[in-house]
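Undergrad: following is a predicted model, sequence given first.
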Amino acid sequence: PAEAKVLAVGSTIEQFDIEMLKAANPNVIFVSHKNSREPLAKLLDMFPSVEWVHARSAGIDFITSPQLLSQARGVALTNAKGCFSSTLAEYTLMACSYFAKDLPRLLKNKNAKNWDRYDVLELRGATMGIIGYGDIGRAVAKLADAYGMNVLALRRNPKRSMYDPYIKKAYGGEDMNELVSECDYIVVAAPLTEDTRGLINANVLSHVKKDAVLINVGRGPIIDEEAMIQSLQQQNGKLKGVALDVTTIEPLPSDSPLWSMENVLLSPHNMVKTANFLREATEMFVEENLPRYLRGLDLLNPVDKVAGY
């Protein structure tokens with residue numbers, strides 16, 4: 001917008017001309033770099049004029065700090081919710097098909113020139129449970145419903161999905177074990193907060209339905225990775241397989257057993273990296289939210305800083 005001006009661009013605090021910025025009194029910070037927590041916190045300390053921070057991602061776990069979350073300071077926080085939901089939904093249904101049709105077996109047979117006909121599973125009629133029913137979760141549910149799957153959702157306030165056309169039932173957090181016991185496919189689409197860290201633990205995994213598939217498109221630390229690996233390695237374990245676009249440590253260490261497990265589908269946190277993802281996420285800020293801020297209108301995608309999403 002013509003009324004706005006870019007004062008500085010940088011990924012470390014040393015790349016900013018602090019004296020120039022002090023004279024300019026910046027009031028908006030657009031956050032895009034993955035290592036932004038420390039420089040953002042320092043900028044907020046230095047510039048009380050900042051009124052609004054926008055994250056070019058759906059998750060905010062990589063930028064949170066006492067300075068940003070301070071209620072006394074009152075800095076508005078928004079994110080790019082909705083910009084990544086479609087491609088993550090597509091990945092989720094691909095992961096379901098990967099295990100339902102046994103794609104590893106297909107590829108092995110092709111390489112061996114082996115005409116091996118085997119039975120496959122349908123997604124139609126299978127039950128999917130979505131843990132974290134925000135924008136990503138609902139995009140997944142929309143596609144799963146089109147496939148003819150029965151979709152269940154778990155969210156903090158299940159009443160908000162009472163009339164959702166894509167799901168059969170919404171559960172509250174206390175019903176986690178009941179939900180996973182009913183599902184053929186369990187999708188983690190929750191944000192990473194102190195409440196969701198380690199949410200999918202050994203106890204939850206002990207309640208999953210036999211031959212369930214676990215898919216994570218949220219954040220790696222939401223799943224207790226060690227407990228998940230143990231479940232996958234057990235001869236009589238309940239998990240058929242897992243599909244992970246995110247892991248607890250990224251990049252995934254080379255000595256992680258996940259690399260060599262045949263029942264694990266791995267992607268390097270790149271299922272949002274479409275040809276247009278950066279442009280679309282930035283356009284949401286430049287063309288939608290920044291004009292709203294300049295005109296004193298309500299901002300899109302406000303983040304509840306206490307809840308973390």
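TA: That came through fine.
Undergrad: give the contact list for the most centrally placed residue in the chain.
TA: When CA atoms, centre = their mean is applied to the chain, the residue found nearest the centroid is residue 218 (2.8 Å). Residue 218 makes contacts with 131, 132, 136, 188, 189, 190, 191, 192, 196, 246, as judged by CB atoms under 8 Å, 6 or more residues apart in numbering. (C-beta placed from N, C-alpha, C; glycine too.)
Undergrad: let's see that with 10 Å instead.
TA: 58-59, 88, 131-132, 134, 136-137, 187-192, 196, 199-200, 245-246 (CB atoms under 10 Å, 6 or more residues apart in numbering).
Undergrad: what of residue 167?
TA: With CB under 10 Å, 6+ apart, residue 167 has these contacts: 128-130, 133, 137-138, 141-142, 144-145, 150-153, 155, 158, 161.
Undergrad: also residue 213?
TA: 95-96, 98-100, 126, 128, 183-187, 239-243, 263, 265.
Undergrad: hang on, the earlier thing: helices - which of the contacts of residue 167 land there?
TA: When DSSP state H is applied, those are split such that 137, 138, 141, 142, 144, 145 fall in helices.
Undergrad: ok, the residues you listed vs residue 207, which is closest?
TA: Within the ones in helices among the contacts of residue 167, the smallest distance to residue 207 is 20.1 Å, found for residue 137 (CB to CB).
Undergrad: what count of nearby residues applies to the closest one?
TA: 29 (other CB atoms under 10 Å).
Undergrad: so it sits right up against residue 85, yeah?
TA: Yes: Residue 137 lies in contact with residue 85 (CB atoms under 10 Å); the separation is 8.5 Å.
Undergrad: overlap in contacts, these two.
TA: With CB under 10 Å, 6+ apart as the test, residue 137 and residue 85 both reach 189, 217.
Undergrad: double-check residue 29 against residue 44; I have them as touching.
TA: Yes: using CB under 10 Å, residue 29 is in contact with residue 44, at 7.9 Å.
Undergrad: what residues are shared contacts of the two?
TA: Taking CB under 10 Å, 6+ apart as the contact rule, the neighbours common to residue 29 and residue 44 are 50, 53, 68, 75.
Undergrad: can I get the residues you listed in CSV including neighbour count, secondary structure and distance to residue 1?
TA: As requested, the shared contacts of residue 29 and residue 44 are arranged in CSV below (neighbours: other CB atoms under 10 Å; DSSP: H, G, I helix; E, B strand; the rest coil; distance: CB to CB, whole Å):
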residue, neighbour count, secondary structure, distance to residue 1
50, 21, coil, 18
53, 23, strand, 18
68, 22, helix, 24
75, 18, coil, 21
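Undergrad: what about the strands in the stretch 1-150 of the chain?
TA: 28-31, 52-55, 76-78, 127-131, 150-154 (DSSP state E, counting those that start in this stretch).
Undergrad: looking at those strands, which is nearest to residue 38?
TA: Taking those one by one with CB to CB, strand 28-31 is closest: 12.0 Å.
Undergrad: what mean pLDDT does the longest helix along the chain have?
TA: Secondary structure assigned by DSSP H gives helix 85-100 as the longest helix of the chain. Mean per-residue pLDDT for helix 85-100: 98.
Undergrad: by contact count, what packs against it?
TA: Applying 3 or more CB pairs under 10 Å, 6 or more residues apart in numbering; DSSP states H and E, we find helix 85-100 packed against helix 103-111, strand 127-131, helix 135-146, strand 185-188, strand 212-216, strand 239-244, strand 264-266.
Undergrad: hmm, back to that, only the buried subset of the contacts of residue 213, as a ChimeraX command please.
TA: In ChimeraX, a selection of the buried entries from the contacts of residue 213 looks like this (16 or more other CB atoms under 10 Å):
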select :95,96,98,99,100,126,128,183,184,185,186,187,239,240,241,242,243,265
